[in-house]
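Student: just need the structure, nothing else, for what follows:
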Amino acid sequence: MRTIMNKQYITGLLLLVGAVLFSSCKKELPDVKNTQVVKMAGTWWVTMTLNGAPQIDGDHVQINTFNTAADDGKQLWIQDAGLGFDFQSKVDVNLADLTFSATNAKDENSDATVTITAGKVFPDGGKSKGGHITDSIYMELQISSDPGNKYVVAGILRTKFDEDDY
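Tutor: Numbers count the residues shown, from 1 in each chain. Coordinates of the predicted model:
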């Protein structure tokens, strides 16, 4: 009789411990929100021209656009990851029409200033190397370390598909 009660006691105790462990594993997931500039942020494959002539050997290189710490929808960072100027500057944005610009913006990596005009993101406005529809970007860039030159930088949002990487 005592063995049966011990088995029932142990079974009940195991069920109770299992229920406590199972219920303690239920986690509340955080409410993840996008940044204010999510529609303009990303890694972009771009080319650069000067007076219509391809620069950087006509190759596609990367630039990055991402939110500022304030994440107020008024500015974003543009970071050169391959154009050759190695700049990182904050630009003003208009989220309603996905435009951006800067006049003599401080370059965080040098003493240069950056001016960007006609900056715009075009949703679904480009086609990747592999044929996928993706966003495109366009801007006219002047940098004080290269006075008198206005570069055209244009390209597409990186899809992260291997066949689309340059």
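
Student: now stretch 130-145: buried residues?
Tutor: 134-139, 141-143 (16 or more other C-beta atoms under 10 Å). Bear in mind the C-beta positions are built from the backbone N, C-alpha and C, glycine included.

Student: and that stretch, how far out from the chain's middle?
Tutor: Chain-centre distance of stretch 130-145: 13 Å, with C-alpha atoms, centre = their mean, to the nearest Å.

Student: tell me how far Gln79 lies from Pro147.
Tutor: 22 Å (C-beta to C-beta, to the nearest Å).

Student: ok, Val32 next?
Tutor: Following C-beta to C-beta, the distance that separates Val32 from Pro147 is 44 Å.

Student: which one's more surrounded, Gln79 and Pro147?
Tutor: Neighbour totals were compared for Gln79 and Pro147, and Gln79 leads with 17 against 8 (other C-beta atoms under 10 Å).

Student: so what's the more buried one up against?
Tutor: 63-66, 87-88 (C-beta atoms under 8 Å, 6 or more residues apart in numbering).

Student: could you rerun that using 6 Å?
Tutor: Neighbouring residues of Gln79 by C-beta atoms under 6 Å, 6 or more residues apart in numbering: 64, 88.
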